[in-house]
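Engineer: Here's my sequence, what's the structure:
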Amino acid sequence: MIAAQPPAEVRSADVVLREAFNAILKEAPKRLKDLRDACTADLECLGGADAVPAGGTFGDNYFKALKLGCEAAGSPKVVHVALDTIQKLIHQGQLTGRGADPFTDAALSEGRLLIDTIVESITSCAEQGDDTVQLKQVQALMTVVTAQTCEVHANSLLLCLSTVFKIHCNSKSQMNERQASTAMTQMLNTVVQRMELSSADMSRRGISLDDAAPGARQIAQQRAVNADLQTMPADRLLNEWNGAMLGKLIDEVVHNSGAEEAQARGKFGFCVVCRAPAAHYCVDTKDPVCSRACKQRNLERGNLVESHYGVGQNPQEPAVSSVVGEQGQVEASPRPAATNGGDAAAAAEPASAEEAARQAASRYS
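Structural biologist: Okay, here's the model as predicted:
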């Protein structure tokens, strides 16, 4: 029997921050005056080596110096310290980024959170050609996505995945390439697990069409053009929808990375229903589609999910959970392309969200 390992030491945020700011001041050249001034000011706020501020400290309040550290061009050691500190604080739940973003103009920051700036600071840090910085960048992004205390949404999640994917493709270090591959797998697994847990939770709390408001039920019936969707169990319907979101996210990550794709894309990518190259997109949902039949099926699927769980069909609206709402809609498993006169209802049964992720990712391996 394997003996239990003692828990890793969790140091308070003020200890981690004091060590980081002192290390940055030691390594930062005098030309980085703003960075040095920010570190000095934060050290004064934290107090001496034995002083603990009332109520403890919270990493969100001291992110400015770490942000400047990530931008320290020409000083890879400073960038490494900043990234390492960000990772430690997030891992220990002492940097969450849940508050409003103080680094963006108020007129442009509606709905933007500090976590968005944290992600951008990591992904666009200076000295990315340095192998140690590159490795710490991968580790920090994996921590951001997998940490239970952080909520990474939409473009920020896409940015995390695309950055790690680019490092995997372009890194000159074999170790960094392996670490990026491992991180990418773990990040996608975390997203899939959260989606499936959300599906199970919503199934327990779901409302059937018979119990829905009469108006909503009537609209759903008027738009019912696919009999299999109408008879599909609510949990399986939501699982198909979840898998579709993850598939579209993977498509976007691979396309934005510039990697070679095994299947030629349409003008708007791949159809969210049958996975064929999409030459059109749906005006209502902004999803790529290849035919009118696929458009109708996608609309019907969104309407049924909304009727069951109150989830909007627009992929930009909040969905089942903080993770489900981050992604678009794409079919869970590859299906034959539907023609204008075809019937998408005859397509194959939807796979699980995890299977959808594997199938979508396999097209680029």
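
Engineer: Just name whatever secondary elements the longest helix seen in the chain is in contact with.
Structural biologist: Across the chain, the helix with the greatest residue count (assigned by DSSP state H) is helix 174-205. Secondary-structure packing of helix 174-205 (3 or more CB pairs under 8 Å, 6 or more residues apart in numbering; DSSP states H and E): helix 131-146, helix 154-170, helix 234-257, helix 353-362. Every C-beta, even on glycine, is put in place using the N, C-alpha and C of the backbone.

Engineer: Which of the ones you listed sits closest to residue 297?
Structural biologist: Among the helices and strands packed on helix 174-205, the nearest to residue 297 by CB to CB is helix 234-257 (10.8 Å).

Engineer: for this structure, where's the lowest mean pLDDT among helices and strands?
Structural biologist: Within the chain, no helix or strand scores below helix 214-222, which has a mean of 44 by mean pLDDT, DSSP states H and E.

Engineer: circling back to that earlier point, the helices and strands packed on helix 174-205: lowest mean pLDDT?
Structural biologist: Comparing mean pLDDT over these, the weakest stretch is helix 353-362, at a mean of 54.

Engineer: circling back: tell me the helix or strand right after the least confident helix or strand of the chain.
Structural biologist: For helix 214-222, the following helix or strand on the C-terminal side (DSSP states H and E) is helix 227-231.

Engineer: Now do the buried residues in that next one.
Structural biologist: Neighbour counts over helix 227-231 (16 or more other CB atoms under 10 Å) mark residue 229 as buried.

Engineer: Which elements pack onto it?
Structural biologist: helix 292-309.

Engineer: any idea of the angle the helix it packs on forms with helix 174-205?
Structural biologist: With axes from the mean of the first three to the mean of the last three CA atoms, to 10 degrees applied, the angle from helix 292-309 to helix 174-205 works out at 60 degrees.

Engineer: Can I get helix 292-309 as PDB, trimmed to CA atoms?
Structural biologist: Taking Å, rounded to 0.1, in the frame of the first residue of the first chain, the C-alpha atoms of helix 292-309 are listed here in PDB:
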ATOM      1  CA  ARG A 292     -30.800  25.000 -45.200                       C
ATOM      2  CA  ALA A 293     -31.500  21.600 -43.600                       C
ATOM      3  CA  CYS A 294     -28.500  21.900 -41.300                       C
ATOM      4  CA  LYS A 295     -29.500  25.500 -40.400                       C
ATOM      5  CA  GLN A 296     -33.000  24.300 -39.400                       C
ATOM      6  CA  ARG A 297     -31.600  21.400 -37.300                       C
ATOM      7  CA  ASN A 298     -29.200  23.700 -35.500                       C
ATOM      8  CA  LEU A 299     -31.900  26.200 -34.700                       C
ATOM      9  CA  GLU A 300     -34.200  23.400 -33.500                       C
ATOM     10  CA  ARG A 301     -31.500  22.000 -31.300                       C
ATOM     11  CA  GLY A 302     -30.900  25.400 -29.700                       C
ATOM     12  CA  ASN A 303     -34.600  25.900 -29.200                       C
ATOM     13  CA  LEU A 304     -35.100  22.600 -27.500                       C
ATOM     14  CA  VAL A 305     -32.100  23.100 -25.200                       C
ATOM     15  CA  GLU A 306     -33.600  26.500 -24.300                       C
ATOM     16  CA  SER A 307     -37.000  24.900 -23.600                       C
ATOM     17  CA  HIS A 308     -35.500  22.300 -21.300                       C
ATOM     18  CA  TYR A 309     -32.900  24.200 -19.500                       C
END
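
Engineer: Determine the set of other helices and strands touching that helix.
Structural biologist: helix 214-222, helix 227-231, helix 234-257.

Engineer: Pick the most deeply packed of those.
Structural biologist: helix 234-257 (a mean of 23; mean count of other CB atoms under 10 Å).

Engineer: need the next SSE after that helix, C-terminal direction.
Structural biologist: Heading C-terminal from helix 234-257 (DSSP H and E), you reach strand 280-281.

Engineer: Follow the chain on from that following strand and name the next helix or strand.
Structural biologist: Heading C-terminal from strand 280-281 (DSSP H and E), you reach strand 288-289.

Engineer: what helices or strands is that next one leaning on?
Structural biologist: Packed next to strand 288-289, using 3+ CB pairs under 8 Å, 6+ apart, are strand 280-281.

Engineer: what pairs with the strand it packs on, and is each one parallel or antiparallel?
Structural biologist: Strand pairing for strand 280-281, determined by DSSP bridges: strand 288-289 (antiparallel).

Engineer: Need the residues that contact the partner strand.
Structural biologist: 266, 268-273, 278, 280-282, 295, 298 (CB atoms under 8 Å, 6 or more residues apart in numbering).

Engineer: Among the residues you listed, show me the least confident.
Structural biologist: residue 281 (77).

Engineer: looking at the sheet around it, what are its partners?
Structural biologist: Applying DSSP bridges, one finds that residue 281 bridges with residue 288.

Engineer: got a list of what it touches?
Structural biologist: Residue 281 neighbours (CB under 8 Å, 6+ apart): 268, 287-289.

Engineer: now those in a markdown table, with distance to residue 27 and neighbour count?
Structural biologist: Converted to a markdown table, the contacts of residue 281 look like this (distance: CB to CB, whole Å; neighbours: other CB atoms under 10 Å):
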| residue | distance to residue 27 | neighbour count |
| --- | --- | --- |
| 268 | 47 | 18 |
| 287 | 48 | 28 |
| 288 | 48 | 29 |
| 289 | 53 | 27 |
